[in-house]
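> From the sequence below, what's the structure:
(chains A and B)
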2 protein chains.
Amino acid sequence: MKPVIDDVTSYIVQNYLSINVFDINDYQPGHSVDCVIFGYQDQELKILLMKMKFGEFYALPGGFIKINEHIDMAAQRVLYDRTGLKDIFLEQFYTFGAEKRPSLWDIKNEKGEPLFEQISEVNPELAIWLEKRFMTTGYFAFVDINKAALSPDIASASCDWVNVANIPELLFDHSFIVQKCLEQIRIQLNYLPISKSLLPETFTISDVQKLYEAILGIKLVRSNFQRKFLKLDILIRLEKKMTGASNKAPYLYMFDEEKYNALLQKGIGLI
Amino acid sequence: MKPVIDDVTSYIVQNYLSINVFDINDYQPGHSVDCVIFGYQDQELKILLMKMKFGEFYALPGGFIKINEHIDMAAQRVLYDRTGLKDIFLEQFYTFGAEKRPSLWDIKNEKGEPLFEQISEVNPELAIWLEKRFMTTGYFAFVDINKAALSPDIASASCDWVNVANIPELLFDHSFIVQKCLEQIRIQLNYLPISKSLLPETFTISDVQKLYEAILGIKLVRSNFQRKFLKLDILIRLEKKMTGASNKAPYLYMFDEEKYNALLQKGIGLI
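Numbers count the residues shown, from 1 in each chain, chains lettered A, B, ... in the order given. As a prediction, this is how the structure comes out:
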């Protein structure tokens, strides 16, 4: 792991987790949640990453579980805190429970010292709590990028939408979590409201195809895809999309909500 | 919850979890695993249930996670301890993290006292540990009933294979866990080696159909199912099955392992 910028360490240690006031009795020990938040923009599938204040690190948004809080609510809280969004499609996909997962304590400063060692001085009880084994449960969400009001947490300089095809190496085991998340979404594809949650209200067939291609990580044959998707009978056709070359302009569509939801129950057998 | 037989309480308290020697520092706090172990016999889909020594209670096999043990290994250990089986298809499906899940402490004796109150006298540290909030991660496994050598745990009188269609109400939230498990299997159906793991080496198309019907909880049309399943091109046809009426005897089949595994990667799009 790359050495990190030292001059922000102290700030982070003082502020991350609100260390001075963090009471370990308020949280479920040894367990966290991490969220893979998907958005779709300019025909690109993106996820929300936190750029940390220390070094050039990216990580998934995540947090601890309050002792009186359902684990699903903890994930909802993380999603809300980072995007300002509520009532979003959010689903659990896997719990990562290796006996030794990488943690904050593996992050070293330029001298090779653990960056978060200072936590021990500020809140020794918290330091002991954090050093113990942690498992994490992964959730994924589908949000409308245009509606998200991003807000980084105390340890992050910014939240950024990053194309799934170009995700940098992430902190801890977060790269593995994203990979497992995509795998689970592919397996459950027919039963997830992916296109309805991620596409804008009106869209072209090309928009849908690019979305499926991004999720599956493969190219699809245009004519086959178009035929199968139209055959599902879940679309309402609108006017043509105005572009420069109007004779080649594609049709715009929107979903027939009722038909979409009915088909989702049986599985949208598209691919 | 029904009152329980009191005369075995003391035995359980002394022996369950090996209470005298149970060291909480050896285990991950606040987290357990529970296993839904499936088998298929006489054209019935079954799961393994533990019949408790106290009262008429049934529960899923489960256990705690050792502090130096991957959560997957904890599930494998539970599976091995109850069935004697290793190298079995075993997959995580969900983590149950409600803020207040029912626990041992909710089980009352005939006087309405918590059955496991005596733990406090024998091992007070353990009692405090057990009273805290617990989450559990569910796993499912597909085993060959004929190869399983069942062995109940210290709290159980017996392990029994119970038809999925006739599962009694289970202890704690285990009924909900089984329900969620079946839901997840249905969603992931095309990507799970269900038929290969659960059917005997040779089988009839009727055996396969009954298996799918039990998992999906619906009746399938015989001719449609047969046509679709044969069309998958993953079977090797053997001789006819000897029965009384030999002119109506169905063919026996076995799987072409290579073709089966190749198709499983792409999804066995049967239903």
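> Extract the C-alpha trace of stretch A:140-156 and format it as CSV.
Extracted in CSV, the C-alpha atoms of stretch A:140-156 (Å, rounded to 0.1, in the frame of the first residue of the first chain):
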residue,chain,number,x,y,z
PHE,A,140,-26.3,-2.4,-3.6
ALA,A,141,-28.5,0.5,-4.6
PHE,A,142,-29.7,1.9,-8.0
VAL,A,143,-30.1,5.7,-7.9
ASP,A,144,-30.8,8.5,-10.3
ILE,A,145,-27.5,10.4,-10.5
ASN,A,146,-29.3,13.7,-11.3
LYS,A,147,-31.2,13.5,-8.0
ALA,A,148,-28.2,12.6,-5.8
ALA,A,149,-26.8,15.4,-3.7
LEU,A,150,-23.4,14.0,-2.9
SER,A,151,-21.8,14.6,0.5
PRO,A,152,-18.4,13.1,1.5
ASP,A,153,-17.9,11.8,5.0
ILE,A,154,-15.4,13.2,7.4
ALA,A,155,-12.6,11.0,6.1
SER,A,156,-13.2,11.8,2.5
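> do it and chain B meet?
No - with CB under 8 Å from any CB of the partner chain as the criterion, chain B is not reached by stretch A:140-156; the gap is at least 13.9 Å. Placement of C-beta: from N, CA and C, glycine included.
> Please apply the same query to stretch A:123-136.
Yes - using CB under 8 Å from any CB, stretch A:123-136 reaches chain B at A:Arg133, A:Met135.
> so how far is that stretch from its chain's centroid?
Relative to its chain's centre, stretch A:123-136 lies at 24 Å (CA atoms, centre = their mean, to the nearest Å).
> What strand or helix carries A:Asp207?
Element membership for A:Asp207, per DSSP states H and E: helix A:205-216.
> Would you mind writing the CA trace of that helix as CSV?
Extracted in CSV, the C-alpha atoms of helix A:205-216 (Å, rounded to 0.1, in the frame of the first residue of the first chain):
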residue,chain,number,x,y,z
ILE,A,205,-33.2,1.2,-27.0
SER,A,206,-29.6,2.0,-27.3
ASP,A,207,-29.6,3.4,-23.8
VAL,A,208,-31.0,0.1,-22.5
GLN,A,209,-28.5,-2.0,-24.4
LYS,A,210,-25.5,0.0,-23.2
LEU,A,211,-26.8,-0.4,-19.6
TYR,A,212,-27.1,-4.2,-20.0
GLU,A,213,-23.7,-4.4,-21.7
ALA,A,214,-22.1,-2.5,-18.8
ILE,A,215,-23.6,-4.8,-16.2
LEU,A,216,-22.8,-8.0,-18.0
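> Tell me which residues of it come out buried.
For helix A:205-216, a neighbour-count test (16 or more other CB atoms under 10 Å in any protein chain shown) marks A:Ile205, A:Asp207, A:Val208, A:Gln209, A:Lys210, A:Leu211, A:Tyr212, A:Ala214, A:Ile215 as buried.
> same for chain B: which of those residues are within range?
Contacts with chain B are made by none of the buried residues of helix A:205-216, judged by CB under 8 Å from any CB.
> what's the most distant pair in these?
Greatest spatial distance in the buried residues of helix A:205-216: A:Ile205 and A:Ile215, 15.9 Å, computed using CB to CB.
> what does the helix or strand following the helix holding A:Asp207 rub up against?
The C-terminal neighbour of helix A:205-216 among helices and strands, as given by DSSP H and E, is helix A:222-231. Residues from elsewhere that reach helix A:222-231 (CB atoms under 8 Å, 6 or more residues apart in numbering or on different chains): A:Ile205, A:Ser206, A:Val208, A:Gln209, A:Tyr212, A:Leu235, A:Leu270.
> And the fourth one, how close does it get to chain B?
The gap separating A:Gln209 from chain B is 19 Å, by CB to the nearest CB, to the nearest Å.
> the strands in the stretch 151-271 of chain A, which residues?
Here the stretch 151-271 of chain A has its strands, by DSSP state E, counting those that start in this stretch, at A:156-163, A:235-240, A:251-255.
> Would you mind naming the helix or strand containing A:Asp72?
Assigned by DSSP H and E, A:Asp72 belongs to helix A:71-83.
> Which strands and helices lie in contact with that helix?
strand A:27-41, strand A:44-52, strand A:62-66, strand A:89-96, strand A:135-142 (3 or more CB pairs under 8 Å, 6 or more residues apart in numbering or on different chains; DSSP states H and E).
> now the angle from it to strand A:27-41?
Angle, helix A:71-83 to strand A:27-41, by axes from the mean of the first three to the mean of the last three CA atoms, to 10 degrees: 50 degrees.
> Please work out which residues outside helix A:71-83 touch it.
Helix A:71-83 is contacted from outside by A:31, A:33, A:35, A:37, A:48, A:50, A:61-66, A:69, A:85-86, A:88, A:90, A:92, A:137, A:139, A:141, A:143, A:148-153, A:159, B:95, B:97-98, B:135, using CB under 8 Å, 6+ apart.
> Only whichever of those are buried, select them in PyMOL.
With 16+ other CB under 10 Å as the burial test, the buried ones among the contacts of helix A:71-83 are selected in PyMOL as follows:
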select buried, (chain A and resi 31+33+35+37+48+50+61+62+63+64+65+69+85+88+90+92+137+139+141+143+148+150+152+153+159) or (chain B and resi 95+97+135)
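> coming back round to it: is it possible to get TSV of the helices and strands packed on helix A:71-83 that adds mean pLDDT and distance to A:Arg222?
Output for the helices and strands packed on helix A:71-83, formatted as TSV (pLDDT from 0 to 100; distance: least, CB to CB, whole Å):
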stretch	mean pLDDT	distance to A:Arg222
strand A:27-41	97	19
strand A:44-52	94	18
strand A:62-66	95	38
strand A:89-96	97	28
strand A:135-142	98	24
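> To A:Pro250, which of those strands lies closest?
Closest to A:Pro250 of these, according to CB to CB: strand A:27-41, at 17.2 Å.
> any bit of the closest one sitting next to chain B?
Yes - using CB under 8 Å from any CB, we find that strand A:27-41 touches chain B at A:Gln28, A:Pro29, A:Gly30, A:His31.
> export the residues you listed to a markdown table and tack on distance to A:Gln41?
Shown next, in a markdown table, are those (distance: CB to CB, whole Å):
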| residue | distance to A:Gln41 |
| --- | --- |
| A:Gln28 | 35 |
| A:Pro29 | 38 |
| A:Gly30 | 37 |
| A:His31 | 33 |
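> Might you enumerate the residues of chain A proximal to chain B?
When proximity is defined by CB under 8 Å from any CB, chain A lies next to chain B at A:28-31, A:65, A:67-72, A:92, A:94-95, A:97-99, A:133, A:135, A:137, A:187-188, A:191, A:269.
> 6 Å instead?
Selection of chain A residues close to chain B by CB under 6 Å from any CB of the partner chain yields A:28-30, A:68-71, A:95, A:97-99, A:137, A:187-188, A:191.
> Test my guess that A:Gly39 contacts A:Lys46.
Yes - counting by CB atoms under 6 Å, A:Gly39 does reach A:Lys46; the two are 5.0 Å apart.
> and for those two, which residues touch both?
Common neighbours of A:Gly39 and A:Lys46, counting by CB atoms under 6 Å, 6 or more residues apart in numbering or on different chains, are A:Trp161.
> Show me how the record splits chain A into domains.
A:4-187, A:190-266 (automatic domain parsing).
> Which one, of those, ends up nearest to B:Val221?
Closest approach to B:Val221 among the domains of chain A (CB to CB): domain A:190-266, 15.7 Å.
> ends of that closest one, how far apart?
Distance between the two ends of domain A:190-266: 8 Å, counting by CA to CA, to the nearest Å.
> what mean pLDDT does it have?
Here domain A:190-266 scores 91 as its mean pLDDT.
> Measure how far it is from the centre of its chain, please.
That offset, for domain A:190-266, works out to 23 Å (CA atoms, centre = their mean).
> Kindly report the same for stretch A:156-171.
With CA atoms, centre = their mean as the basis, stretch A:156-171 stands 10 Å off its chain's centre.
> before we move on, what about stretch A:171-178?
Chain-centre distance of stretch A:171-178: 11 Å, with CA atoms, centre = their mean.
> Since that was my last question, I'll sign off now.
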